[in-house]
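# have a look at this prediction, sequence included:
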Amino acid sequence: MSDLPEPTVVITAEQIAFYHREGYLAIDQITTIEEVAYLQNAYDRIFEQRVGHDVGDAFDLVGQDKDGQPPKLPQIVEPRNYAPEFRNTLYEANAMAIAKQLLGEGVIQRGSHAIFKPAHYGSHTPWHQDEAYWNPSKNYHSVSIWMPLQEATLENGCMQFIPKSHELDVLPHHKIGHDPKVIGLEVDEGHVDVSNAVACPIPTGGATFHGGRMLHYAGANKSELPRRAYILMFAVPLPPFEVPRNFYWQ
């Protein structure tokens, strides 16, 4: 039995249609301001403590994690394993409910991660598709729900999308900056036309939604304050591919 609270947010038929047509969605509220503040305290604590670093759950997506160098885009995989505040939240309840609206009743929770962009120098997140990171032998019908723990703006690195790019196959990717020691990926040059990119600034307590093949990007944090994002992922299980795809960049 789930310990999640009852969901309080649903999306409209028009929003569902927009998501399936354009490949993304932004909403102004998925949880309360009070819960965002509660999560922000736990979020800052685990990043200050660098929890999970010794087991590979915490790393710099765009750097080499060298001692003495501050990470430019630190991440923590499964923050729920390191802070109980991230479990059984209203955010998760509403995210699950909306994921069912978008993908169907067979939705399961696939995981979570936290992405931190330090004030002034937090790196941009290059254009990529999430599925490029995943197991190429598996098939996915997924949605990632990205919630900032403060207002998300162009200045601090809100999400940006290429409309309808969810209809593409997984494009060729490479390690960020072509550095083999870096964990993060970016799509190969010449595969992204950013002329019609859509930025999605959202207020505190809002969220964006996108699927695994959706091309997305988030700018550098040029603001005076950190930019925090907490992501939940959901999927409907599908049969694996008979022949695994070749994700050579992995």
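Looks like it came in fine.
# and H20, how many neighbours?
Using other Cβ atoms under 10 Å, H20 is surrounded by 12 other residues. Backbone N, C-alpha and C define where each C-beta goes, glycine included.
# quick one: it is in a helix?
Yes: H20: assigned to a helix according to DSSP: H, G, I helix; E, B strand; the rest coil.
# now it, nearest residue through space, not along the chain?
L102 (7.7 Å; Cβ to Cβ, 6 or more residues apart in numbering).
# just to check, that neighbour is in contact with A17?
No: counting by Cβ atoms under 8 Å, L102 does not reach A17; the two are 10.7 Å apart.
# got the CA positions of the longest helix seen in the chain in PDB?
Longest helix in the chain by number of residues, with DSSP state H as the criterion: helix 33-49. Only the C-alpha atoms of helix 33-49 are listed here, as PDB (Å, rounded to 0.1, in the frame of the first residue of the first chain):
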ATOM      1  CA  ILE A  33       5.200  26.600  -1.600                       C
ATOM      2  CA  GLU A  34       5.500  25.100   1.900                       C
ATOM      3  CA  GLU A  35       6.600  21.700   0.600                       C
ATOM      4  CA  VAL A  36       9.100  23.300  -1.800                       C
ATOM      5  CA  ALA A  37      10.700  25.100   1.200                       C
ATOM      6  CA  TYR A  38      10.700  21.800   3.200                       C
ATOM      7  CA  LEU A  39      12.400  20.000   0.300                       C
ATOM      8  CA  GLN A  40      14.900  22.800  -0.300                       C
ATOM      9  CA  ASN A  41      16.300  22.500   3.200                       C
ATOM     10  CA  ALA A  42      16.900  18.800   2.700                       C
ATOM     11  CA  TYR A  43      18.300  19.300  -0.800                       C
ATOM     12  CA  ASP A  44      20.800  21.900   0.400                       C
ATOM     13  CA  ARG A  45      21.900  19.600   3.200                       C
ATOM     14  CA  ILE A  46      22.700  16.600   1.100                       C
ATOM     15  CA  PHE A  47      24.600  18.600  -1.500                       C
ATOM     16  CA  GLU A  48      26.600  20.300   1.300                       C
ATOM     17  CA  GLN A  49      27.400  16.800   2.700                       C
END
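# any idea how far it is from the chain center?
17 Å (Cα atoms, centre = their mean, to the nearest Å).
# list of residues touching that helix?
52, 74, 76, 79, 82-83, 85-86, 89-91, 114, 116, 147, 149-150, 204-205, 226, 228, 230 (Cβ atoms under 8 Å, 6 or more residues apart in numbering).
# narrow these to just the buried residues.
52, 74, 76, 79, 82-83, 85-86, 89-91, 114, 116, 147, 149-150, 204-205, 226, 228, 230 (16 or more other Cβ atoms under 10 Å).
# still on that earlier bit, what lines up beside the very next helix or strand once past the longest helix of the chain in the sheet?
Remark: after helix 33-49, the chain's next helix or strand is strand 58-60, criterion DSSP states H and E. In the sheet, strand 58-60 lines up against strand 74-77 (antiparallel) (DSSP bridges).
# strands along the chain, start to end?
Assigned strands in the chain, in chain order: 24-27, 58-60, 74-77, 108-117, 125-128, 142-148, 159-161, 173-175, 185-187, 198-200, 207-210, 216-218, 227-235 (criterion: DSSP state E).
# can you list these in TSV and add distance to V9?
Shown next, in TSV, are the strands of the chain (distance: least, Cβ to Cβ, whole Å):
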stretch	distance to V9
strand 24-27	8
strand 58-60	30
strand 74-77	25
strand 108-117	17
strand 125-128	26
strand 142-148	11
strand 159-161	18
strand 173-175	33
strand 185-187	32
strand 198-200	17
strand 207-210	9
strand 216-218	22
strand 227-235	14
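# next, find the distance separating I108 from Y24.
21 Å (Cβ to Cβ, to the nearest Å).
# neighbour count for the two, which is higher?
Using other Cβ under 10 Å, the more surrounded residue of I108 and Y24 is Y24, with 25 against 12.
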